[in-house]
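*Asks:* Following is a predicted model, sequence given first.
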Amino acid sequence: MVGRLVDWVATQRDSIWVNWVQSNYLKGQEWMEYKPSSNSSWVWRRICKVKEEMRNGYVNGEWSVQPGGYSPAGCYDWFRGTRPRIQWDKAVWNGWTIPKHQFLGWMVAHKALNTVERLVRFGVIIEDKCYLCGIASETIEHLFWTWLNGAILANSTGLEGVQNAIVMSLMYQVWQQRNRSRNEMTLLRPERVAGAILENMRSRVRTREKTVMTLAERDWLIKMRLLE
């Protein structure tokens, strides 16, 4: 937003404020070459700092980053730069996935869970073996990454949303079992873990049953024992 003021001065916008800046600060100097004095106000020095950050976006005094002139959104995109498209958003942020599973999925995607490998890096512990298998190093990739990148589907509605939510529920249960193994040195039998996943999804489907539009979708949910 401060960049808009920078652009007003650069394009010599017809306004009282720009005329005042030209008269009191620039005094005939080129705007892009101007340096504020040390006793200038904080506000003016801030505007000049943003101007320096925007300098490369101007060609012959015109904002060249986007057609149609300056806009805060276009400037923001320019500062941010091009980023690769993420692949996990549909699995995590969809209406079928349970909120606490969404949060775990988001943590996994950003590699922010306190896995053993991460705790070793921070100097909290020494041994980096996985609490579940006791063989491999416990990393995000070891526990989850194949599922997050390979098992998710492209869309977040209907049956694809349900399947993504099942993957997120599975990941949540894996992390729960990992914590149980670490803190209590016990594990639930796979049948009980599968039952917990099934019950979680049944509950979620019941709350969103009206969004299941076709008989084929309903038949699939019944076949998967997610709907009665």
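*Replies:* Perfect, I can see it now.
*Asks:* Give me the longest helix you can find in the chain.
*Replies:* Criterion DSSP state H: the longest helix present in the chain is helix 158-184.
*Asks:* Remind me what the helix or strand just after it packs against, helices and strands.
*Replies:* As assigned by DSSP states H and E, the chain's next helix or strand after helix 158-184 is helix 190-207. Counting contacts by 3 or more CB pairs under 8 Å, 6 or more residues apart in numbering; DSSP states H and E, helix 190-207 is packed against helix 158-184. Any C-beta I mention is one placed from the backbone N, CA and C, and that applies to glycine too.
*Asks:* what packs against the helix it packs on?
*Replies:* Counting by 3+ CB pairs under 8 Å, 6+ apart, helix 158-184 packs on helix 89-92, helix 99-109, helix 146-150, helix 190-207, helix 215-223.
*Asks:* Please tabulate the ones you listed in CSV and include mean pLDDT as additional columns.
*Replies:* Below are the helices and strands packed on helix 158-184 laid out as CSV (pLDDT from 0 to 100):
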stretch, mean pLDDT
helix 89-92, 82
helix 99-109, 93
helix 146-150, 58
helix 190-207, 90
helix 215-223, 84
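*Asks:* and these, which is most packed in?
*Replies:* helix 89-92 (a mean of 22; mean count of other CB atoms under 10 Å).
*Asks:* Just the CA trace of that helix, in CSV.
*Replies:* In CSV, the C-alpha atoms belonging to helix 89-92 read as follows (Å, rounded to 0.1, in the frame of the first residue of the first chain):
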residue,chain,number,x,y,z
ASP,A,89,-3.9,-28.7,-0.5
LYS,A,90,-6.9,-30.6,-1.8
ALA,A,91,-6.2,-33.5,0.6
VAL,A,92,-5.8,-31.2,3.7
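*Asks:* From the contact counts, what lies against it?
*Replies:* Right, helix 89-92 is packed against helix 99-109, helix 158-184 by 3+ CB pairs under 8 Å, 6+ apart.
*Asks:* care to break this structure down by domain?
*Replies:* 2-80, 89-223 (automatic domain parsing).
*Asks:* what about the shortest one, how long is it end to end?
*Replies:* Looking back up the chat, that one is domain 2-80. Terminal residues of domain 2-80 lie 16 Å apart, using CA to CA, to the nearest Å.
*Asks:* I'd say residue 208 and residue 95 touch.
*Replies:* Yes: the criterion here is CB atoms under 8 Å, and residue 208 meets it with residue 95 at 6.6 Å.
*Asks:* Flag the shaky bits of this structure, pLDDT-wise.
*Replies:* Across the chain, the ranges flagged by pLDDT under 70 are 146-158, 212-213.
*Asks:* circling back: most tightly surrounded among the domains of the chain?
*Replies:* Of the domains of the chain, domain 89-223 is the most buried (mean count of other CB under 10 Å), at a mean of 16.
*Asks:* Work out the gap between it and the centre of the chain.
*Replies:* Remark: domain 89-223 is offset 18 Å from the chain centroid, using CA atoms, centre = their mean, to the nearest Å.
*Asks:* could the helices and strands packed on helix 89-92 be laid out in CSV, adding distance to residue 2?
*Replies:* Formatted as CSV, these follow (distance: least, CB to CB, whole Å):
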stretch, distance to residue 2
helix 99-109, 31
helix 158-184, 40
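*Asks:* Let me know which of the ones you listed is the nearest to residue 126.
*Replies:* helix 158-184 (14.8 Å; CB to CB).
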